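Student: Predicted model and sequence follow; I will ask about them next.
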Amino acid sequence: MTKGGRLAGGILAIVGGSLLIAGGFSAFYLVSLGADLYNTTGLVTLLCGLLALIGGILLCKDINAGGPIALVGSLIAIIGLFINIGHYGILPVQLTITFVLVDPFLALGGSIAGIAVGSEL
C-alpha cells in the first residue's frame, strides 16, 4: 500500500512539475515578444518546476527526500502567484506563471501524498 501511495504522489508531482516547466517556457516566449518583466517570472517558474519534477522522480524511486523537495517547489510556485512584480500594460505580472491553473496544486498534492504515505522500509 505504501509503495502505491508514494508512486501516485510522485506521478502527481511529476505532472505538476512538467506543467510548471511548460509555463516557464511560455513566459520566455513572452519575453521574446518584448515583455521584459516575464524574464524573472520564467526563471522562477522553471526552478519551481524543476524542484517539483526532481522531487516527484525521487518519490517514485521511494526516496524520502523527494517529498520535501517537491513541497518546497510547489509552495514557492503557489506563493509566487500572489506576488506582483510589476505591470505589462494594464496586466499585472506575478512572480510565477502557470500553464494551467492547477499545476502547482498538483505538485503540492503529490508532495503531501508522498510525505503522508511514508516509506515502505
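Tutor: In hand now; what should we look at? Numbering: from 1, shown residues only.
Student: CA atoms for contacts and neighbours, from now on please.
Tutor: Will do.
Student: Show me where the protein has its strands.
Tutor: Secondary structure of the chain (DSSP state E): strands at 84-88, 91-94.
Student: which one of those is the most hemmed in?
Tutor: strand 91-94 (a mean of 15; mean count of other C-alpha atoms under 10 Å).
Student: Which neighbours in the sheet does that one have, and how are they oriented?
Tutor: Looking at strand 91-94 with DSSP bridges, its partner strands are strand 84-88 (antiparallel).
Student: just to revisit the earlier point, to residue 9, which of the strands of the chain lies closest?
Tutor: Minimum separation from residue 9 across those (C-alpha to C-alpha) falls at strand 91-94, 27.3 Å.
Student: could I get the closest one in CSV with only the CA atoms?
Tutor: Written as CSV, here are the backbone C-alpha positions of strand 91-94 (Å, rounded to 0.1, in the frame of the first residue of the first chain):
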residue,chain,number,x,y,z
LEU,A,91,-1.9,43.5,-16.8
PRO,A,92,-0.2,42.7,-13.6
VAL,A,93,2.9,40.4,-13.7
GLN,A,94,3.2,37.8,-11.0
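Student: And the contacts of it?
Tutor: The set of residues external to strand 91-94 that reach it, using C-alpha atoms under 8 Å, 6 or more residues apart in numbering, is 37, 38, 41, 80, 81, 82, 83, 84, 85, 86, 87.
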